[in-house]
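# Okay, here's the prediction I keep looking at, along with the sequence it came from:
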Amino acid sequence: MKQVTDSILYVGVNDHEIDLFEGQYVVPNGMSYNSYVILDESVAVMDTADVRKTDEWLGNVEEALGGRLPDYLVVQHMEPDHAGSIDRFVEKYPRATVVGNAKTFSIMEQFFPGMKLERRLVVKDGETLSLGSHTLRFVFAPMVHWPEVMMTYEASEKVFFSADGFGKFGALDVDEDWACEARRYYIGIVGKYGMMVQNVLKKAAGLEISIICPLHGPVLTENLGYYLNLYDIWSGYRPESQGVCVCFTSVYGHTRAAVELLCEKLETKGVKVVCHDLARCDMAEAVEDAFRYDRLVLATTTYNAGMFPFMKTFLDHLTERNFQKRKVAFIENGSWGPMAMKGMKEALKNCRELVFAENEVSIRSALNEASTAAVLALAEELAQTA
């Protein structure tokens, strides 16, 4: 337990036992499940915690209450990593009123069909709840990234409880760069819903915010413009950095050789390059970098008259998250009937504002004089892109 302000206490927990968040994202530094207690004439608890950490979380809440009983439990998001302990909270504090919107309670009944809920308060977008000197205003954020999501603004201390917004991978007892794991978290989990995030940012622009309290990651208290700007970039699908992200697959090493030649030439020209072997890397890291940089190179072998499976999966991840506003280049390999480039272009056909590189590389089995020249020409073109 620690103080956010004199009257707002952090009661969240760290989880270093989890290996995959949401069953797919590698989290080497664990996760935090954040929860807060607001002490006033009435006491409000903001969200719960994953069922893996229920007992620890309830202990933190009890310590923060200091012998008092909670009046409200505000449920901003029904995903189980935050709502998994609602039933235990209600069992322990049956006289507390659970606060949510109509969709909140609909989903709550699905997760806890046998739970006896004596008191509930259904709120609408923009409505307020007075705790005494603190007033909570509910800011609905549908599809960021579930339909029932709402955020909460506390006016007296200018605190914005942002649900999954501004969250990141990683437990709070680990020192690591915020942007790297926040970017991977955002693009992987929320990236599909950029328009909805933009809508919330417009609402937030009308609020005077001094502190952001997310449901994952650290409480943000300084240089809030930095975080808001990154969220505006990410949700607007704009490149964050200049550079070339190269993502490839290679069966016998010949496509890899072309990629290595390309990367070497780009680096000698002073271009920032990141490279991912899609069969071996953390796919979420590759997706993150594809969205981070302004240029993307896709290189893969023809396989069963199409793309190599890892490239197909990678492109599915990009298109699912509305990949757009980038320059994309293609390298294919095929011994008798190269088809990979056609497949990659087809996969990206519905993406908005993509510019395909003029220079394309088609390798027949191994690099030869012509395909090597094509790689060098592609390097020249990508290096000239500002």
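Alright, I've got the coordinates. Numbering: from 1, shown residues only.
# residue ranges of the strands in the stretch 1-150 of the chain, please?
Secondary structure of the stretch 1-150 of the chain (DSSP state E, counting those that start in this stretch): strands at 2-3, 8-10, 13-15, 20-21, 25-26, 31-33, 36-38, 44-46, 72-74, 97-100, 120-122, 128-130, 135-140, 150-154.
# okay if I get the ones you listed as TSV plus distance to Arg352 and mean pLDDT?
Quick note: C-beta positions are derived from backbone N, CA and C, even for glycine. Formatted as TSV, those follow (distance: least, C-beta to C-beta, whole Å; pLDDT from 0 to 100):
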stretch	distance to Arg352	mean pLDDT
strand 2-3	44	91
strand 8-10	40	98
strand 13-15	37	98
strand 20-21	29	95
strand 25-26	26	95
strand 31-33	33	97
strand 36-38	38	98
strand 44-46	37	98
strand 72-74	37	98
strand 97-100	35	98
strand 120-122	38	97
strand 128-130	39	98
strand 135-140	27	98
strand 150-154	28	97
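# quick one: which of these is nearest His216?
Closest approach to His216 among those is made by strand 31-33 (5.7 Å; C-beta to C-beta).
# Check which helices and strands that closest one sits against.
strand 13-15, helix 80-83 (3 or more C-beta pairs under 8 Å, 6 or more residues apart in numbering; DSSP states H and E).
# Determine which stretch of the ones you listed is the most buried.
helix 80-83 (a mean of 22; mean count of other C-beta atoms under 10 Å).
# quick check: mean pLDDT across it?
Helix 80-83 shows a mean pLDDT of 96.
# And it, how far out from the chain middle?
Its chain's C-alpha centre and that of helix 80-83 lie 16 Å apart, by C-alpha atoms, centre = their mean, to the nearest Å.
# Packing partners of it?
Using 3+ C-beta pairs under 8 Å, 6+ apart: helix 80-83 touches strand 31-33, helix 102-111.
# which residues are contacting it?
For helix 80-83, the surrounding residues in contact (C-beta atoms under 8 Å, 6 or more residues apart in numbering) are 21, 31, 33, 35, 47-51, 75-77, 108, 111, 215.
# and if we set it to 6 Å?
Residues from elsewhere that reach helix 80-83 (C-beta atoms under 6 Å, 6 or more residues apart in numbering): Tyr33, Asp47, Thr48, Asp50, Leu215.
# Same question for stretch 303-318.
For stretch 303-318, the external contacting residues (C-beta under 6 Å, 6+ apart) are Cys247, Thr249, Leu278, Ala279, Val287, Ala290, Thr300, Thr301, Met339, Ala340, Gly343, Ala347.
# what ranges of the stretch 251-386 of the chain fall below the confidence cut-off?
385-386 (pLDDT under 70).
# Which residue ranges of it form helices?
Remark: helices assigned in the stretch 251-386 of the chain by DSSP state H, counting those that start in this stretch are 254-268, 283-292, 309-320, 340-347, 369-383.
# quick one on the thing from earlier: nearest approach to Ser210 belongs to which of the strands of the stretch 1-150 of the chain?
strand 150-154 (10.1 Å).
# still on that earlier bit, and the helices of the stretch 251-386 of the chain: which comes nearest Ile233?
helix 283-292 (9.5 Å).
# residues contacting Leu136?
By C-beta under 6 Å, 6+ apart, the neighbours of Leu136 are Leu129, Thr152, Glu154.
# and if you look at Val375?
Residues in contact with Val375 (C-beta under 6 Å, 6+ apart) are Ala258, Leu261, Leu262, Val361.
# Ok, Val219 next?
Each residue near Val219 by C-beta under 6 Å, 6+ apart is listed here: Val4, Cys213.
# Tell me the one among the contacts of Leu136 nearest to Lys272.
Checking the contacts of Leu136 one by one against Lys272 (C-beta to C-beta), the nearest turns out to be Thr152, at 39.3 Å.
# beta partners for that closest one?
Beta bridges link Thr152 to Phe138, Phe161 when assigned by DSSP bridges.
# Surely it is in contact with Phe160?
No - Thr152 lies out of contact with Phe160 (C-beta atoms under 6 Å); the separation is 7.6 Å.
# Let's see the pLDDT reported for the nearest residue to Met143 once chain neighbours are set aside.
Using C-beta to C-beta, 6 or more residues apart in numbering and skipping the chain neighbours, the partner closest in space to Met143 is Met196 (4.4 Å). What the model reports for Met196 is a pLDDT of 95.
# thought Glu181 was touching Gly167?
No - at 9.5 Å, Glu181 does not count as touching Gly167 under the criterion of C-beta under 6 Å.
# how far away is the residue nearest to Gly100 when sequence neighbours are not counted from Arg52?
Once flanking residues are discounted, Gly100 sits nearest to Val75: 4.4 Å by C-beta to C-beta, 6+ apart. With distances taken as C-beta to C-beta, to the nearest Å, Val75 is found 18 Å from Arg52.
# just the contacts of Leu136 now: which is nearest Asp232?
Using C-beta to C-beta, these come closest to Asp232 at Thr152, 21.1 Å.
# can you tell me which residues contact the closest one?
With contact set as C-beta under 6 Å, 6+ apart, Thr152 has these partners: Leu136, Phe138, Phe161.
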